[in-house]
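Student: can you look at this prediction? I've put the sequence above it.
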Amino acid sequence: MTFRYPDDVPVLTDGVVVLRAHREQDLDAMVEHCRDPEMVRYTTVPRPYSRTHAEEFLALAARNWTESAPNSERVWAITTTDPERNGRFCGGIDFRPTGTGTATIGFGLHPAARGHGLMARAVDLVLDYAFTHGVEVVHWSAIVGNWASRKTVSRLGFRYEGIIGDFVLQRGRPQDVWTASLHRDDPRRSSEPWPVE
């Protein structure tokens with residue numbers, strides 16, 4: 001059976017957050033999202049971010065879902081059933097399986113969607129998906145200083161593992177990252193305080 005994008009991308013929902021395939025209608029909001037100062041500061045998105053970049057991302061997401069290799073990246077658009085933003089693009093989330101039982105997770109919210117608890121719900125949905133698709137351990141990392149990302153995973157039970165120096169090359173400059181992990185059997189609640197660094 002041939003996989004059709006976006007129709008065959010699994011929709012994940014908890015009744016409030018809905019994760020679905022990215023669509024062409026999302027492109028303008030994706031550009032706004034990737035031009036946001038927080039995204040520029042803490043990610044490796046191209047700068048300046050253009051509609052062409054968003055279109056290339058959409059094509060790559062479709063290719064990864066369609067090819068469906070054991071290590072194909074899985075990317076969803078974050079939306080919500082909230083009447084104010086019902087169905088509109090609120091951000092993106094992905095997990096990148098290695099094909100050997102581990103994966104990494106990444107995420108970001110459009111500035112207009114922040115402050116409503118959507119991201120923790122979205123991460124929880126992707127963890128459910130990952131752990132029912134052969135993943136045993138999910139790893140997270142973020143450029144040091146990205147407190148919003150760090151707070152999200154710490155609330156979901158990720159165990160802090162430290163700082164890796166010069167781990168990410170961001171627009172030509174090496175950056176330190178925080179790193180943490182969550183095992184499939186770990187409780188998804190904050191269990192121990194992370195150090196203040």
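Tutor: Thanks, I have the structure now. Numbers count the residues shown, from 1 in each chain.

Student: then the longest helix seen in the chain to PDB, C-alphas only?
Tutor: In terms of residue count, the longest helix belonging to the chain (DSSP state H) is helix 51-67. What follows is helix 51-67 as a C-alpha-only set of coordinates in PDB (Å, rounded to 0.1, in the frame of the first residue of the first chain):
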ATOM      1  CA  ARG A  51       8.800  31.100   2.500                       C
ATOM      2  CA  THR A  52      11.200  29.100   0.300                       C
ATOM      3  CA  HIS A  53      12.700  27.600   3.500                       C
ATOM      4  CA  ALA A  54       9.200  26.700   4.700                       C
ATOM      5  CA  GLU A  55       8.400  25.100   1.400                       C
ATOM      6  CA  GLU A  56      11.600  23.100   1.500                       C
ATOM      7  CA  PHE A  57      10.800  22.000   5.000                       C
ATOM      8  CA  LEU A  58       7.300  20.800   4.000                       C
ATOM      9  CA  ALA A  59       8.800  18.800   1.100                       C
ATOM     10  CA  LEU A  60      11.400  17.200   3.400                       C
ATOM     11  CA  ALA A  61       8.700  16.300   5.900                       C
ATOM     12  CA  ALA A  62       6.600  14.700   3.200                       C
ATOM     13  CA  ARG A  63       9.600  12.700   1.900                       C
ATOM     14  CA  ASN A  64      10.500  11.400   5.400                       C
ATOM     15  CA  TRP A  65       6.900  10.200   6.000                       C
ATOM     16  CA  THR A  66       6.600   8.700   2.600                       C
ATOM     17  CA  GLU A  67      10.000   6.900   2.600                       C
END
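
Student: got a list of contacts for it?
Tutor: The contact list for helix 51-67, computed with CB atoms under 8 Å, 6 or more residues apart in numbering, reads 3, 5-6, 8-9, 21-22, 24, 26-28, 30-31, 34, 45-46, 72-75. All C-beta spots, glycine's among them, are computed from the backbone N, C-alpha and C.

Student: 10 Å instead, please
Tutor: 2-6, 8-10, 21-24, 26-34, 45-47, 49-50, 71-77, 92, 94, 96 (CB atoms under 10 Å, 6 or more residues apart in numbering).

Student: try stretch 169-176
Tutor: If you take CB under 10 Å, 6+ apart as the criterion, stretch 169-176 is touched by 40-47, 142-145, 163-168, 177, 197.
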